[in-house]
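Participant: Just the structure for this:
(chains A and B)
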Number of protein chains: 2
Amino acid sequence: MQRAEPQDFGRVLSSMCTEPHPAAREAAERFLATNPGDPGTYQTVSNLERQAVELLGEMTGLGDPAGYVTSGGTEANIQAVRIARNRAETADPNVVVPDSAHFSFSKAAEMLDVELRRVPTVDYRADVEAMADAIDDDTVAVVGVAGTTEYGHVDPIPALADLAQSADALMHVDAAFGGFYLPFTDFAWHFGHAEIDTMTIDPHKVGQAAVPAGGFLARSSDLLDELAIDTPYLESRSQVTLTGTRSGAGVASAVAAMEALWPDGYRQQYHTSMDNAEWLADALEDRGYTVVGPELPLLAADVSLSLIEQLRERGWRVTKTGAGEMRVVCMPHVTRSMLRSFVADLDWY
Amino acid sequence: MQRAEPQDFGRVLSSMCTEPHPAAREAAERFLATNPGDPGTYQTVSNLERQAVELLGEMTGLGDPAGYVTSGGTEANIQAVRIARNRAETADPNVVVPDSAHFSFSKAAEMLDVELRRVPTVDYRADVEAMADAIDDDTVAVVGVAGTTEYGHVDPIPALADLAQSADALMHVDAAFGGFYLPFTDFAWHFGHAEIDTMTIDPHKVGQAAVPAGGFLARSSDLLDELAIDTPYLESRSQVTLTGTRSGAGVASAVAAMEALWPDGYRQQYHTSMDNAEWLADALEDRGYTVVGPELPLLAADVSLSLIEQLRERGWRVTKTGAGEMRVVCMPHVTRSMLRSFVADLDWY
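Facilitator: All right, here's what the predicted structure looks like:
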């Protein structure tokens, strides 16, 4: 068996995954051989999943949360669209999303045979008026992003929720990346701030749990009932998850990470990561680059493609936005000294 | 953090999960913080995934296999139905499956808006004539099960593949449970035996990998192209997987388990588990029960519900079939002494 490569996250600026918190790693290893998809056999991990959902509810202003630990943000986004489609009456459903929405919504639309209406953003955020224009009688869901994948921007969630409510559509918030930073900001983004129905919020990203530990939350369990499939041979009568066998490691590590870090550890992480992102933005602007962000600890800059390639050759893992900008995600493993070294390499060319 | 419960698999007769092989556990722990969904960042685990698919191809008579490591059998079954739907011309697609097919096909049909035609089985196997009668011009896939979830039976795969071919439908084999036992039997079940298009075969069940490590195989990569969704900000241009971020632990542990056990370790495991299942079947028949199986190491017996409840109270994890029989899965962790102790408890009541 080969060694893991990258060996560590020392040059990873591209990923929304990070090194799990030590408590999360320990829990993942302990619960490696358990399956929350079979609560009749694996009771403890099934209870832990309930605890994970309660903790996520606490972070998102949801008193009596329904939901479960998903394989990741993609599953949670698919499930939101599936609920919206299933509970609606129309034979020709559409979902209205800002153009910044993650490609998992394209996947969901293709799978679920729902029309996806991607509406151009303004200043990297959902354009409320244009979204309103895109909504019609067949709109079954409106999506807002609280921390976009490419630029880390936060949509005007309450205004979008108002649109959804007027259209009698489901309001879904994708906080897969932002959800563990946003409790320490002034943004209005969660169930306590607006009439949101469902949310994606991933412990295995900024929450520092081990993969796979995404999160799907719903304001009421009625919404989850739209997903229920009969399960003849299990003790439970039906299953709402998209997958069957699921990772107990992910569930246990999500609880361990949140118990260790919520709220103080995550608050400190937010400030550290945000300071780092702002430091990098300043350093790039000083060098004449145009920088987008950081609104959350994620930024993009118009570094040339050839320079991006050279940085990659030095081992830096950076990605490009769809528009071709260099994109840097300041995850918990990204330290100031790592960024200093990155900027030094940038200067070298 | 609580202890994992069950602490070990000493009384688990209900699950298709098992204790990972030591090499698989070690690999899962090493690759815990990697994501094969992002090959631009995590190259080694991406190469390991290719290796996993090659090994699965070797087990299933497929020279140049396409496919990937899924979150589990459910994802693989959904993807097969999705390919079938997407490549077909009909606006009203249906999928013909034996009634013994796993409930993930119901999930797939609901999600993908495909009609599911469940055809009653004969002697716990697909009824080829009745399946033929259920097929029409709108049939996009025919499914055979190589090791049913409830009874462990193997469908007549070549005859079903002939039906699929006549109907110009995709032929999918669900060998999620059976796939790691079947290479050591005389059944005709794999790509080398019949014109199969796609297959589900799960390393995290009998293959002794860590969850999540399911397997999806396709005879050609053209089939996978039906699943491709554009990915703007990743190095790869498109993504065929159902989930986005995926578990490097599962992928690495699948390779480690297969390298350690294929073929000799799995062969030995098959014989040991089959002997155990036959021993238990004899013991139950001696006590007057009617036993179904074992065709693979899985059996069902008409033990009364109240007795099942009493065994559960003694800590035995057993499940019931849809018909109410007691169901015992002889996974690698199920030993003869465990079964002796189980039968002794059965005799005690």
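Participant: could you list every residue that touches residue A:23?
Facilitator: Shown here is residue A:23, whose contacts under the criterion C-beta atoms under 8 Å, 6 or more residues apart in numbering or on different chains are A:256-257, A:259-260, B:1. Yep, even glycine has a C-beta here, placed from its N, CA and C like the rest.
Participant: So among the residues you listed, where is pLDDT lowest?
Facilitator: When those are compared by pLDDT, residue B:1 scores lowest at 60.
Participant: Quick check: pLDDT value at the residue nearest to residue A:150 when sequence neighbours are not counted.
Facilitator: Ranked by C-beta to C-beta, 6 or more residues apart in numbering or on different chains and with sequence neighbours excluded, the top spatial neighbour of residue A:150 is residue A:321, at 4.7 Å. Reading off the confidence values, residue A:321 has pLDDT 93.
Participant: do residue A:43 as well
Facilitator: Turning to residue A:43, the model gives it a pLDDT of 89.
Participant: what does residue A:3 give?
Facilitator: Model confidence at residue A:3, given as pLDDT, is 66.
Participant: for residue A:188, helix, strand, or coil?
Facilitator: Secondary structure of residue A:188, reduced to three states by DSSP: H, G, I helix; E, B strand; the rest coil: coil.
Participant: Reformat the contacts of residue A:23 as JSON lines; add neighbour count, distance to residue A:197 and secondary structure.
Facilitator: Converted to JSON lines, those look like this (neighbours: other C-beta atoms under 10 Å in any protein chain shown; distance: C-beta to C-beta, whole Å; DSSP: H, G, I helix; E, B strand; the rest coil):
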{"residue": "A:256", "neighbour count": "28", "distance to residue A:197": "29", "secondary structure": "helix"}
{"residue": "A:257", "neighbour count": "30", "distance to residue A:197": "26", "secondary structure": "helix"}
{"residue": "A:259", "neighbour count": "17", "distance to residue A:197": "28", "secondary structure": "helix"}
{"residue": "A:260", "neighbour count": "17", "distance to residue A:197": "30", "secondary structure": "helix"}
{"residue": "B:1", "neighbour count": "16", "distance to residue A:197": "32", "secondary structure": "coil"}
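Participant: Spatially, which two of those are the most separated?
Facilitator: The largest distance within these, taken as C-beta to C-beta, falls between A:257 and B:1 and amounts to 10.6 Å.
Participant: residues near the closest residue to residue A:12 other than its chain neighbours, how many?
Facilitator: Spatially, and ignoring its direct neighbours in sequence, residue A:12 is nearest to residue A:317 (4.6 Å; C-beta to C-beta, 6+ apart). By other C-beta atoms under 10 Å in any protein chain shown, 21 other residues sit near residue A:317.
Participant: Surely residue A:317 and residue A:11 touch.
Facilitator: Yes: with contact defined as C-beta atoms under 8 Å, residue A:317 counts as touching residue A:11 (6.0 Å).
Participant: Downstream of the longest strand along chain A, the next helix or strand is which one?
Facilitator: Longest strand in chain A by number of residues, with DSSP state E as the criterion: strand A:139-145. Beyond strand A:139-145 in the direction of the C-terminus, DSSP states H and E gives the next helix or strand as helix A:157-166.
Participant: need the contact list for the residue nearest to residue A:12.
Facilitator: Residue A:317 makes contacts with A:6, A:11-15, B:40-41, as judged by C-beta under 8 Å, 6+ apart.
Participant: ok, 10 Å please
Facilitator: Contact analysis of residue A:317 by C-beta atoms under 10 Å, 6 or more residues apart in numbering or on different chains lists A:6, A:9-15, A:311, A:329, B:38, B:40-43, B:235.
Participant: measure it to residue A:176 for me?
Facilitator: For residue A:317, the distance to residue A:176 under the criterion C-beta to C-beta, to the nearest Å works out to 20 Å.
Participant: tally of neighbours for the residue nearest to residue A:150?
Facilitator: Around residue A:321 there are 17 other residues, counting by other C-beta under 10 Å.
Participant: Next one, pLDDT for residue A:151 please.
Facilitator: Taken from the predicted model, the pLDDT recorded for residue A:151 is 97.
Participant: The residue minimising distance to the centre of chain A: what's it in contact with?
Facilitator: The geometric centre of chain A, computed from its C-alpha atoms, lies nearest to residue A:176 (C-alpha atoms, centre = their mean), at 1.1 Å. With C-beta under 10 Å, 6+ apart as the criterion, the residues that contact residue A:176 are A:16, A:70, A:72-74, A:76-77, A:102, A:104, A:145-147, A:149, A:199-202, A:204-206, A:214-215, B:244-245.
Participant: where's residue A:216 relative to residue A:224, distance?
Facilitator: In this view, residue A:216 and residue A:224 are 9 Å apart by C-beta to C-beta.
Participant: just residue A:31 next, same as before
Facilitator: The spacing between residue A:31 and residue A:224, counted by C-beta to C-beta, is 23 Å.
Participant: which residues in the stretch 101-250 of chain A form strands?
Facilitator: Per DSSP state E, counting those that start in this stretch, the stretch 101-250 of chain A carries strands over the ranges A:115-119, A:139-145, A:170-174, A:198-200, A:214-218, A:229-230, A:238-239.
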